[in-house]
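K.L.:
okay, predicted coordinates and the sequence, questions at the end:
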Amino acid sequence: MHTPSLSAEAIRVGYPERSVIDCLDFTVPQGSFTAIVGPNACGKSTLLRALGRMLTPSRGRVLVDGRSVADLRSKEFARLVGVLPQSPVTPEALTVGDLVSRGRYPHQSLLRQWSADDERIVEDALEEVGMREYSDRLVEELSGGQRQRVWIAMALAQETGVLLLDEPTTFLDIAHQIDVLELCARLTGRGRTVVAVLHDLNLAARYADHMVAMHDGRIIASGSASDVITPDVLKTAYSLDALVLDDPETGRPLVVPRAQQSGA
C-alpha cells in the first residue's frame, strides 16, 4: 500500500462570509497519527476539510505526492486519501457489508467490475475494525461506537494510505473513544497516515505520535505531545490555566485544569 505525502502551502480557506485560515503551511508527517487540537472555531475542521478536498482554498494549494489536489480527478484522489466527515449519515436499510463495500467505488470502472479481490479487501477491512461478524446486520441497529468502526472500515476499503477523520470520537462514551483511537494507532503501526481532529487533549496526547495545536486559524505549536501540551500553549489556545503532569500509565502529558477561585 502506497502512503502518499500530504501538505498545504500558504492556503486561505473559509466560507463566503469570512476566511477561517489565511496563509497557513502544514505538512502531515507520513506514517504518523496526527491529532489536530484547539478550541471551537479555531480552524481545525476547516483545515481537515481543505486537506480532504471538501473545501477549496481561495489561495495557496493542497498537495498530495507533490501534485495539487485540484488537478486530480475525484476517483484518483479517493484512491490516495480517505475522508470520514463529522457524523456521517447512514442510508436506511443498509447492511454493514454493503456500506463497507462502497469504499471500493474509486476502484470500479466499466472495465473493472466487482471481483474476488474487492470481496477480500472488504472482509479484511471489517476484520481490521473487529466488525466482520456484523457484516449482515443493519448499520442502523448498531451502537454509536460500532457505527464509527464501520465507517472507518469503509474508508479502509478504499485502500488509501492517508485517512482523515473529523472528530471521530464525538458523541461516543469513553470506552468507545478509546476503542476508536486505539484503532487509529494500530493503523499507523501498519503503514497508514492518520490525521484526526480531536477535542479531548488527554486522549490525543496518549494516542497520537504527532500533535498540532491551532488558535484563531493559525498553528501555534506542533510536534510531540510534550512539545504541544504545555501550560503556555494551553493558555494561548484555550485561555486555560492548567498543570501538565506525566501520565502515570504512559508518561505522556496529562492536563489537570487548576481550580477556579470563586468569589464570596
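P.N.:
Looks like it came in fine.
K.L.:
Gln260 versus Leu51, what's the distance?
P.N.:
36 Å (Cβ to Cβ, to the nearest Å). All C-beta spots, glycine's among them, are computed from the backbone N, C-alpha and C.
K.L.:
kindly report the same for Arg73.
P.N.:
Distance of Arg73 to Gln260, computed by Cβ to Cβ: 53 Å.
K.L.:
the two: which is more packed in?
P.N.:
Remark: of Arg73 and Gln260, Arg73 carries more neighbours, 9 against 6, as counted by other Cβ atoms under 10 Å.
K.L.:
show me where this protein has its helices.
P.N.:
Remark: helices assigned in the chain by DSSP state H are 44-51, 74-78, 96-101, 116-128, 144-157, 174-189, 201-207, 225-228, 231-238.
K.L.:
bridging residues for Val255?
P.N.:
Following DSSP bridges, Val255 is listed with bridge partners Val244.
K.L.:
whoops, Arg218 was the one
P.N.:
Bridge pairing for Arg218 - DSSP bridges - gives His215.
K.L.:
who's in contact with it?
P.N.:
Neighbouring residues of Arg218 by Cβ atoms under 8 Å, 6 or more residues apart in numbering: Ile21, Leu24, Gly43.
K.L.:
the last one: how many residues sit nearby?
P.N.:
Put plainly, it is Gly43. Neighbour count for Gly43, taken as other Cβ under 10 Å: 24.
K.L.:
thinking it is in contact with Arg18, fair?
P.N.:
No. At 11.2 Å, Gly43 and Arg18 do not qualify as touching, with contact defined as Cβ atoms under 8 Å.
K.L.:
who touches Ile11 in this structure?
P.N.:
Ile11 is in contact with Ile21, Cys23, Leu24, Asp25, Ala50, Pro57, Arg59, Gly60, Arg61, Val62, counting by Cβ under 8 Å, 6+ apart.
K.L.:
cutoff 10 Å now
P.N.:
For Ile11, the contacting residues are 21-26, 46-47, 50-51, 55-62, by Cβ atoms under 10 Å, 6 or more residues apart in numbering.
K.L.:
also Leu254?
P.N.:
Residues near Leu254 by Cβ under 10 Å, 6+ apart: 201-202, 205-206, 225, 229, 242-248.
K.L.:
among these, name the buried ones.
P.N.:
Listed as buried from those are Leu201, Ala205, Arg206, Ala225, Ile229, Ala242, Val244; burial here means 16 or more other Cβ atoms under 10 Å.
K.L.:
export stretch 14-29 as PDB, just CAs?
P.N.:
In PDB, the C-alpha atoms belonging to stretch 14-29 read as follows (Å, rounded to 0.1, in the frame of the first residue of the first chain):
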ATOM      1  CA  GLY A  14     -13.100  29.800   4.700                       C
ATOM      2  CA  TYR A  15     -16.700  30.400   3.900                       C
ATOM      3  CA  PRO A  16     -18.500  33.100   1.900                       C
ATOM      4  CA  GLU A  17     -18.800  35.400   4.800                       C
ATOM      5  CA  ARG A  18     -15.300  35.100   6.300                       C
ATOM      6  CA  SER A  19     -11.900  33.500   6.000                       C
ATOM      7  CA  VAL A  20     -11.000  31.000   8.700                       C
ATOM      8  CA  ILE A  21      -7.500  30.200   7.700                       C
ATOM      9  CA  ASP A  22      -5.100  32.500   5.900                       C
ATOM     10  CA  CYS A  23      -1.600  31.800   4.600                       C
ATOM     11  CA  LEU A  24      -1.200  28.500   6.500                       C
ATOM     12  CA  ASP A  25       1.500  26.000   5.800                       C
ATOM     13  CA  PHE A  26       1.200  22.400   7.000                       C
ATOM     14  CA  THR A  27       2.900  19.100   6.300                       C
ATOM     15  CA  VAL A  28       1.500  15.800   7.500                       C
ATOM     16  CA  PRO A  29       4.200  13.500   8.800                       C
END
